[in-house]
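In: Got a sequence here, can you build the structure:
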Amino acid sequence: MNVEKIRKDFPILETKMNGYPLNYLDNAATTQKPLQVIKEINKFYLKSNANIRRGVYKLSEDATLKYEETRKKTAELLKAKPSEVIFTRNTTESINLVAYCFEKEVKKNDFILLTDMEHHSNIVPWYLIARKKGAKLKKIPFDSEGILDMSKAEELIEEKPVFLALTQASNVLGTINNIEKISKIAKKNGVKTLVDAAQSAPHMRINVKKLDCDFLAFSAHKMLGPLGVGVLYGKTGLLESMPPFMGGGEMIENVSKEITFTEPPVKFEAGTPNIEGVIAFKKAIEYLLKIGFQNIQNHEKKLLKTAFEGLSEIKNLKIHGPSNLQKRTGLISFSTPKHHPHDIAYSLSKKGIAVRAGHHCAQPLMEKLGENASTRASFYIYNTEEEVESLVKELKEILK
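Out: Have a look, this model is predicted:
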C-alpha cells in the first residue's frame, strides 16, 4: 500500500485541529471520505438528481440504474445475490428491521442469545422485544483475553434460543469472533443468526455463503462511504417470508381494499432512500477492492503492532482485548487507574490527535471489564506509523 498516495485522496487530512496537523484515529466511529466518493455525491446533485423507480424520464431512469448498480456491487462484495441486499440508514436500522420482523416468533419464557461484547445497537432492539414478550436475554461470555468462550457458546446454543445475534468484531476489544464456527453450531440446532459486521466489513472481505449466517448488517460510513447508508443482507427465503418493516411508497404492489407488497429487497425500502449516498457507496467499495482487503489488514496489523509496543511501555496502562494481534481488528482500547478517558482524549485533541473516549455504546462490556469508560484509537488505510508513534509520544507526556 502506498499510504502517502492514498492520503492525497482525503482532503480533510490536510486540515489542522487546534493548530496541529489532523491525526485522525477515530475510524471505528466513522471513516473519512475520499474525493471519489465526495465527487460522486456532488455529481448526482449537479447532473442526476431525480427520485428512483418512479419516473419514466431519463434522469429518473439513470438514477435508478446507478442505485441498483450499487446493490449489485454490494452483493458482489458479500458473495450474495442482489435481491438479498437491502439498503437502510445504518447498522442500527438493519438490526432493528430483523428484530421487528421476528418479534412474532418470540414467545413468553423464550430466550434470545447475544454475547457480552455487543454494541447497544445489538442489545437494545432485542431487549425491547424480550421485555414486551416476556422473554429473556442470555449472553455468551468472554475470557480475560476478550475471546468468546466457545464451549459456553455451544452449550447456550444447544438450549435452543429463539434467535442468536452477535458481533463479528468488537468495537472495544477489537476481538474477531469465529462466526463460521458459531454459525455451524447454530445451524445444527436450528437457530437463526444475525451478524453485526459494522466493525468487520471495513477491514476484511466477508463471504456470507461461507459464514452461512441468516442476516448480516453493516454501515457504509465506516468504510469510506457516505453517512446515512446501511446494508442488511438476508437469505432469500427468510426475506420472502418476513413482513415489511415500514409501510409507505414503493414497497407496495397494490393498495385498495387489500394491500399487497412487492418482492424483496424493495419490500423493505419504503419511501425515498438516501439515493446519492447509496450511489456514492459504490465508489467506496471500488476504492477498497482496488487496495485489497488483505493489504488493508496487513497495514492495520503493522500500525497495531506499533501501538501495542509503545503503549505497553506505559506503567499502569491496561490494554483491553486479545494480545494476539491476529485475533483483532485495527483498534486499541485502553484505561489507566488515575486518568479519566475524557481527560486523555481532550488533552490529545489539543495536539491534533482525534481518539474516542467513553463507554463506546457498550456499557455491559465495560462493566465486565470493570471500567466505566476507556480511550480508543482506531486505524485505517490512510493512517501512518508516524501518526501512531505521535499518539504514543503525546500520551506518555499527558500521563506524566
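
In: Which residue lies closest in space to residue 36, excluding its sequence neighbours?
Out: residue 283 (4.5 Å; C-beta to C-beta, 6 or more residues apart in numbering). For glycine as for every other residue, the C-beta is placed from the backbone atoms N, C-alpha and C.

In: name the element the one you found belongs to?
Out: helix 275-291 (DSSP states H and E).

In: mind showing which ranges of this structure have poor pLDDT?
Out: By pLDDT under 70, the weakly predicted segments of the chain are 249, 251-252, 257.

In: residue boundaries of the helices in it?
Out: 3-7, 35-43, 58-78, 91-101, 124-133, 150-157, 179-188, 208-211, 236-241, 275-291, 293-311, 341-349, 363-369, 385-399 (DSSP state H).

In: Is it possible to get these out as a markdown table so that each row also shows distance to residue 27 and mean neighbour count?
Out: Formatted as a markdown table, these follow (distance: least, C-beta to C-beta, whole Å; neighbours: other C-beta atoms under 10 Å):
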| stretch | distance to residue 27 | mean neighbour count |
| --- | --- | --- |
| helix 3-7 | 13 | 13 |
| helix 35-43 | 15 | 17 |
| helix 58-78 | 19 | 18 |
| helix 91-101 | 15 | 23 |
| helix 124-133 | 24 | 17 |
| helix 150-157 | 29 | 16 |
| helix 179-188 | 22 | 18 |
| helix 208-211 | 23 | 17 |
| helix 236-241 | 31 | 14 |
| helix 275-291 | 13 | 21 |
| helix 293-311 | 10 | 17 |
| helix 341-349 | 15 | 18 |
| helix 363-369 | 19 | 19 |
| helix 385-399 | 11 | 18 |
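
In: Contact partners for the residue nearest to residue 36?
Out: Taking C-beta atoms under 8 Å, 6 or more residues apart in numbering as the criterion, residue 283 is in contact with 34, 36, 37, 40.

In: Which single one of these is nearest to residue 313?
Out: residue 34 (34.3 Å; C-beta to C-beta).

In: That closest one touches residue 12, doesn't it?
Out: No - counting by C-beta atoms under 8 Å, residue 34 sits too far from residue 12 to count as a contact (9.9 Å).

In: Between those two, which has more neighbouring residues?
Out: residue 34 (24 against 12; other C-beta atoms under 10 Å).

In: next one: phi and psi at the more buried one?
Out: Backbone torsions of residue 34, given as degrees, to the nearest 10, read phi -80, psi 160.

In: shift numbering so it begins at 849
Out: With 849 as the first residue, the last one maps to residue 882.

In: wait, what's in contact with it?
Out: Per C-beta under 8 Å, 6+ apart, neighbours of residue 882: 857, 858, 1072, 1131, 1132, 1135.

In: Just flag the most distant two among those.
Out: So for those, where distance means C-beta to C-beta, the most widely separated pair is 858 and 1131, at 13.3 Å.

In: could you measure residue 1001 against residue 1083, distance?
Out: 22 Å (C-beta to C-beta, to the nearest Å).
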